[in-house]
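*Asks:* sequence first, predicted model second:
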Amino acid sequence: MVFGRITGIVGLAIVLGGLQLGAASVAFADTTILNVSYDPTRELYKDFNAAFAEKWKADTGETVTIQTSHGGSGKQARSVIDGLQADVVTLALEADIDAIAKGTGKIPADWKSKFENNSAPYTSTIVFLVRKGNPKGVKDWNDLVKPDIQVITPNPKTSGGARWNFLAAWAYGRAANGGDDAKAQEYVTELFKHVPVLDTGARGATTTFVQRGLGDVLLAWENEAYLSLEELGPDKFEIVTPSISIKAEPPVALVDGNVDAKGTRKVAEAYLGYLYSDAGQKIAAKHYYRPFKPAAADPADIARFGELKLVTIEDFGGWKEAQPKFFGDGGVFDQLYKPGQ
Amino acid sequence: MSHDLTASSVASPLPASGPQPALPQLAAATSESRFARLTLTITALAFVALFLLLPLAAVFTEALRKGPAEFVAALGDAETFSAIRLTLTVAAIAVPLNLVFGVAAAWAIAKFEFKGKAFLTTLIDLPFSVSPVISGLVFVLLFGSHSLIGPWLQSHGIQILFAVPGLVLATVFVTFPFVARELIPLMQEQGSSDEEAALSLGASGWQTFWHVTLPNIKWGLLYGVLLCNARAMGEFGAVSVVSGHIRGETNTMPLQVEILYNEYNFVAAFAVAALLALLALITLILKTALEIRYSAEIAASRRH
């Protein structure tokens, strides 16, 4: 028995070692970088990676392979902290990159200042997805608290996207009441009484709205809303752009600790830099992200975005202040959301 | 679909007038048991149809919704193809390992008396009682950047998590009990008299195992291996935690199904799901075919 176990363990070690050698020899043949991203960026980076690889080949003659990993933003950050060898991270929330910086020390604390526009090469905002023909006549935030309206949004305690939804609603409540935060809280409290179910993530909320047919309005990222429209058929849903919303800045960062260990700093830096180039901005706009430099994008793509007033996270004191105040334990959300009311 | 099945099974033994008036015409002594038998059969068939056949049919319908060409194209996608290859690779490493571990553990528990035997038996069952997510997290805690050996592994360029070794480890952990669980009761029932006889006749330990024990347990062993393989290919929770979801690299088939589904690529998602189901069905058919082919031999080994 003991003998069997030992042989087994030795066998395992040999097998694993063999795999490791195999993996290492592949890595030498070609430069490979890993972009750890979040859920809805797949199509964007599929296009962008091809464009960058071509450009890199033309500039340096080297072949670069870009691997991507997609998942919930928080889960992806967790994987990088646990040792996923990301060269760059392109996540949904600043807080997720902060968590990597804090948890590993592989990203400097001042990462936000390394690239233009707070390291956000493209932005998005929160809009409404409604059923085709807008049967309930939803035009703006005040329509969401009318008696027969049901709103679908995920739980801000677990979902990054839901925090943007929450703050966008708050921004409306504030603007509609001359900057009165108490009135804003009243509005948001009322709004959450119209939420029948809190999914844990943005994709879950979309499925609830689209597949299960629950609710009249889905609060969604603009790029996600356009993506679901494209994928699920424009004959089923339409997008309503409210009068005011919040500018969501999905940030990017170089994982210094990993690129230095792997010797991929140059190509990884160029990769992120290329997001800011005219070509990169054009691809971002094509995939429904609002580019940092709209002039570089195709005007037809820009014309798709509805006009609205945008507040930023700085209007809430930045994430470092907003996160604990609104979404921490016993914070504003805990006080105003009472399920079953 | 469930109606068709139940209708045909009702119709054959009873007149067309329906079950109610038919019953009194049957012999009084058997009428009740016949009724009970029918009810049970119908219930079982309806249940199987509703909970097993219907979902399975739905998977294949969805997969073929846009025609077989689309189905084949979905499976030919580079990322999906690599997921299929990865799943088969992981199973090809994990199943033989658990075959060896399972036989060794069952052998030790069934044929020998030693201290801590009850504890070992309980320990083998551990992966069954632990949630698969925890099974994955265990390896993150063991090999992650913040673990004791994580930094050492990293400084030597050894990648366990978010690579094939991590996927294999998680799969081995989750499928650990299948072979052992199948063999222990069988070997205990058979006792060790055959082995003792062989040894007393001068056979070596290895000869005893190869010529006496193995033939006695081979059906149980085969069944355990098939179950182990099915689970190894289908495991989602534990591998999801240690995968890292690198496209074309560390996504297994079940993970690829989730990703494709989340990307609204329903045909491709169900195509991969259908392939997984097909692999499971092949496993089942293989087992049944072997059982039919060798039924006499199996009965003989049970009689031991």
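*Replies:* Great, that's in hand. Residues are numbered from 1 along each chain as shown, chains lettered A, B, ... in the order given.

*Asks:* what about the stretch 1-150 of chain B, any weak spots by pLDDT?
*Replies:* B:1-32 (pLDDT under 70).

*Asks:* got the residues of it near chain A?
*Replies:* B:93, B:97, B:100-101, B:103-105, B:107-108, B:112, B:140, B:143-146, B:150 (C-beta under 8 Å from any C-beta of the partner chain). In short, each C-beta sits where N, CA and C put it, glycine included.

*Asks:* measure A:Asp82 to B:Tyr264 for me?
*Replies:* Using C-beta to C-beta, to the nearest Å, A:Asp82 is found at 29 Å from B:Tyr264.

*Asks:* quick one: which of these two has more around it?
*Replies:* Per other C-beta atoms under 10 Å in any protein chain shown, whichever of A:Asp82 and B:Tyr264 has more neighbours is A:Asp82, with 24 against 18.

*Asks:* ok, for that one, nearest residue in space, not its chain neighbours?
*Replies:* Among residues not flanking A:Asp82 along the chain, B:Gly144 sits closest, at 4.0 Å (C-beta to C-beta, 6 or more residues apart in numbering or on different chains).

*Asks:* what is the neighbour count of the one you found?
*Replies:* B:Gly144 has 24 nearby residues by other C-beta under 10 Å.

*Asks:* and the furthest pair within the residues of the stretch 1-150 of chain B next to chain A?
*Replies:* Within these, B:Phe112 and B:Ser145 form the most distant pair, 41.5 Å apart (C-beta to C-beta).

*Asks:* how is chain B divided into domains?
*Replies:* Using automatic domain parsing, the domains assigned to chain B come out as B:30-63, B:68-302.

*Asks:* most tightly surrounded among the ones you listed?
*Replies:* domain B:68-302 (a mean of 18; mean count of other C-beta atoms under 10 Å in any protein chain shown).

*Asks:* let's see stretch B:180-193 as CSV, backbone CA atoms only.
*Replies:* C-alpha atoms of stretch B:180-193 as CSV (Å, rounded to 0.1, in the frame of the first residue of the first chain):
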residue,chain,number,x,y,z
ALA,B,180,-11.8,2.7,-4.4
ARG,B,181,-15.5,3.0,-3.4
GLU,B,182,-16.4,0.5,-6.1
LEU,B,183,-13.7,-2.1,-5.1
ILE,B,184,-13.8,-2.0,-1.3
PRO,B,185,-17.2,-3.7,-0.8
LEU,B,186,-16.5,-6.2,-3.6
MET,B,187,-13.1,-7.2,-2.2
GLN,B,188,-14.4,-7.3,1.4
GLU,B,189,-17.2,-9.6,0.3
GLN,B,190,-14.7,-11.9,-1.6
GLY,B,191,-12.5,-12.1,1.5
SER,B,192,-8.9,-13.1,1.2
SER,B,193,-9.1,-17.0,1.1
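
*Asks:* pLDDT on that stretch, on average?
*Replies:* In this model, stretch B:180-193 has a mean pLDDT of 89.

*Asks:* could you check how far the residue of the stretch 51-200 of chain B found nearest chain A is from B:Glu79?
*Replies:* Distances between the stretch 51-200 of chain B and chain A by C-beta to the nearest C-beta are smallest at B:Ala104, namely 3.3 Å. Separation of B:Ala104 from B:Glu79 (C-beta to C-beta): 38 Å.

*Asks:* same check, this time on A:Ala77
*Replies:* Counting by C-beta to C-beta, the gap from A:Ala77 to B:Glu79 is 23 Å.

*Asks:* kindly report the same for A:Trp170.
*Replies:* Per C-beta to C-beta, A:Trp170 is found 40 Å from B:Glu79.

*Asks:* and if you look at A:Glu224?
*Replies:* Taking C-beta to C-beta as the measure, A:Glu224 falls 21 Å from B:Glu79.

*Asks:* now do B:Ala296
*Replies:* 47 Å.

*Asks:* can you check A:Ala205 too?
*Replies:* Counting by C-beta to C-beta, the gap from A:Ala205 to B:Glu79 is 26 Å.

*Asks:* which residue is the nearest non-sequential neighbour of B:Val138?
*Replies:* With C-beta to C-beta, 6+ apart as the criterion, B:Val138 has its nearest non-adjacent residue at 7.2 Å, and that residue is B:Phe173.

*Asks:* quick one: pLDDT of the one you found?
*Replies:* Confidence score, pLDDT, at B:Phe173: 95.

*Asks:* repeat for the one 3 residues further on
*Replies:* The confidence metric pLDDT takes the value 92 at B:Phe176.

*Asks:* is it in contact with B:Ala104, as I believe?
*Replies:* No: the criterion here is C-beta atoms under 8 Å, and B:Phe176 misses it with B:Ala104 at 11.9 Å.

*Asks:* tell me which residue in the stretch 101-250 of chain A sits closest to chain B.
*Replies:* Proximity of the stretch 101-250 of chain A to chain B (C-beta to the nearest C-beta) peaks at A:Glu231, 3.8 Å away.

*Asks:* look up phi and psi at that residue.
*Replies:* Per-residue torsions, A:Glu231: phi -80, psi -40 (degrees, to the nearest 10).

*Asks:* in strands, which of the residues of the stretch 1-150 of chain B next to chain A fall?
*Replies:* Among the residues of the stretch 1-150 of chain B next to chain A, DSSP state E puts none in strands.

*Asks:* tell me the one of the residues you listed nearest A:Asp59?
*Replies:* Within those, proximity to A:Asp59 (C-beta to C-beta) peaks at B:Ser145, which comes in at 33.4 Å.

*Asks:* quick check: closest non-adjacent residue to B:Ala106.
*Replies:* Excluding the flanking residues, the one nearest B:Ala106 by C-beta to C-beta, 6+ apart is B:Leu183, at 3.5 Å.

*Asks:* next: A:Lys106.
*Replies:* A:Gly257 (2.8 Å).

*Asks:* what does B:Phe178 give?
*Replies:* Leaving aside its sequence neighbours, B:Phe178 sits nearest to B:Cys228 (C-beta to C-beta, 6+ apart; 3.8 Å).

*Asks:* backbone phi and psi for the residue positioned nearest the centre of chain B, please?
*Replies:* Among the residues of chain B, the one closest to the centroid is B:Leu227, at 3.0 Å (C-alpha atoms, centre = their mean). With angles defined as degrees, to the nearest 10, B:Leu227 sits at phi -60, psi -40.

*Asks:* tell me the contacts of it?
*Replies:* Counting by C-beta atoms under 8 Å, 6 or more residues apart in numbering or on different chains, B:Leu227 touches B:Phe178, B:Glu182.

*Asks:* any idea how far it is from B:Pro151?
*Replies:* Relative to B:Pro151, and taking C-beta to C-beta, B:Leu227 is found at 38 Å.

*Asks:* likewise B:Val138?
*Replies:* According to C-beta to C-beta, B:Val138 stands 18 Å off from B:Pro151.

*Asks:* quick one: which of the residues of the stretch 1-150 of chain B next to chain A is nearest A:Arg265?
*Replies:* A:Arg265 has its nearest neighbour among the residues of the stretch 1-150 of chain B next to chain A in B:Ser145, at 19.7 Å by C-beta to C-beta.
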